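*Asks:* how does the following fold in three dimensions:
(one chain, ligands or ions: 1)
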Amino acid sequence: MNKAVIAIHGGAGAITRAQLSVEKEQLYIQALSEIVEAGQAMLASGASALDAVTEAVRMLEECPLFNAGIGSVFTQEGTHELDACIMDGNTLDAGAVAGVSHIRNPILAARKVLENSPHVLLTGEGAEAFAQAQGLEPVSPDIFSTAERREQLQRAQLNNQTVLDIDGGEPIDPDTKFGTVGAVALDKFGNLAAATSTGGMTNKMPGRVGDSPLVGAGCYANNANVAVSCTGTGEVFIRTLAAYDIAALMEYRGLSLHQASERVVMEKLPVLDGVGGVIAIDNEGNVALPFNSEGMYRGYGYVGDAPSVGIYRDQER
Ligand code: ASP
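*Replies:* Here you go, the predicted model:
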């Protein structure tokens, strides 16, 4: 096959069965379609998979519908701490930042770490100083805040448990969803890349780092087999090395992309109460988007085809 293709996700979670959700659903479908189309256009014009996933995740970060960049969730203390990772399947180079509050697009900082530092993962102030030295303007953390996310924090703190928010009318319950964003791509040169970016989980402890910025947990790419980006209960994705486990099952067990990703998402994560999903593309251009939650914002598109996007199970359009 080996046709250039991109897949994206905007997080997974439980469905809100609200009257208003049809309108909100359209907003999500439109945003997902536009970002898949932008990725397809880049790949069609010969862009690398690395550039395509960087731009797709930057666009997802800019969209307040998703919990990454603008629209990120709050920590227990009402602050924002963002994480991101990018990996080049061709070179196995990777770059990541964690716990940053003053970088508008953490994925661009992760890309700078990949390209211009001898390291893989920079955290907190060190990551921010590096990003600034690399020409990324520092921003006030206020730009990440939205009224919806603040209400979500207040509900989470009041109830200390998940609450269904039928007033929000979002297709996936905003209080229980994992709003991480991600992209994986195969370019026409046969190179794979993966990128993941997140605000983390609402009401998380300050200093908590999830799977998203960790190579092999929430993000992984290797031209030998697969590119993967994850969303879900980060602690379980870390403990299971979920993204790398898909690659390992393909490499050592000879499983297909679908077999390997289903095994991890539908069998291995649930054993540890891991909820969420992955997007994955193998080096032949096969696409798998499995999730064990009720829904996952997702989409993919081969160059030259119409994008296919969905939110709920068995919904692809
Ligand atoms: N996996 C992310 C984290 O644990 C959350 C998410 O997927 O939204 O930080």
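
*Asks:* quick one, helices of this structure?
*Replies:* 21-44, 49-62, 106-116, 124-133, 147-159, 234-240, 242-253, 257-262, 269-271 (DSSP state H).

*Asks:* can I get these in a markdown table including mean neighbour count and mean pLDDT?
*Replies:* In this view, the C-beta of every residue, glycine as well, is placed from N, C-alpha and C. Output for the helices of the chain, formatted as a markdown table (neighbours: other CB atoms under 10 Å; pLDDT from 0 to 100):
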| stretch | mean neighbour count | mean pLDDT |
| --- | --- | --- |
| helix 21-44 | 19 | 93 |
| helix 49-62 | 26 | 96 |
| helix 106-116 | 24 | 98 |
| helix 124-133 | 17 | 97 |
| helix 147-159 | 15 | 72 |
| helix 234-240 | 21 | 96 |
| helix 242-253 | 21 | 98 |
| helix 257-262 | 21 | 98 |
| helix 269-271 | 16 | 98 |
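
*Asks:* to the ligand, which of the ones you listed lies closest?
*Replies:* Nearest to the ligand, of all those, is helix 234-240, at 2.1 Å by CB to the nearest ligand atom.

*Asks:* dump the closest one to PDB, keeping only the CA atoms.
*Replies:* Output of helix 234-240 as PDB, limited to C-alpha atoms (Å, rounded to 0.1, in the frame of the first residue of the first chain):
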ATOM      1  CA  GLY A 234      -1.900   8.400  31.700                       C
ATOM      2  CA  GLU A 235      -0.600   6.400  34.700                       C
ATOM      3  CA  VAL A 236      -1.700   3.100  33.200                       C
ATOM      4  CA  PHE A 237      -0.300   4.000  29.800                       C
ATOM      5  CA  ILE A 238       3.000   4.600  31.600                       C
ATOM      6  CA  ARG A 239       2.900   1.400  33.500                       C
ATOM      7  CA  THR A 240       2.100  -0.700  30.400                       C
END
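
*Asks:* hmm, who's touching it?
*Replies:* 200-201, 210-212, 214, 217-218, 230, 242-243, 264, 268-269, 272-276 (CB atoms under 8 Å, 6 or more residues apart in numbering).

*Asks:* stretch 308-317 too?
*Replies:* 15, 25, 28-29, 32-33, 36, 171-172, 291, 294-301.

*Asks:* same list, those, but only the ones touching the ligand.
*Replies:* Counting by CB under 6 Å from any ligand atom, nothing from these sits close to the ligand.

*Asks:* so who does residue 55 touch?
*Replies:* 38-39, 42, 47.

*Asks:* next one: residue 307
*Replies:* By CB under 8 Å, 6+ apart, the neighbours of residue 307 are 32-33, 36-37, 40, 299-301.

*Asks:* distance to residue 136 added to the contacts of residue 55, as CSV?
*Replies:* Converted to CSV, the contacts of residue 55 look like this (distance: CB to CB, whole Å):
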residue, distance to residue 136
38, 21
39, 22
42, 21
47, 21
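
*Asks:* the ligand next: which of these are close?
*Replies:* Applying CB under 6 Å from any ligand atom to those, none is adjacent to the ligand.

*Asks:* what is the end-to-end distance of stretch 277-296?
*Replies:* 7 Å (CA to CA, to the nearest Å).

*Asks:* what's the spacing between it and its chain's center?
*Replies:* Relative to its parent chain, stretch 277-296 has a centroid offset of 12 Å by CA atoms, centre = their mean, to the nearest Å.

*Asks:* give the buried residues for it.
*Replies:* 277-283, 285-296 (16 or more other CB atoms under 10 Å).
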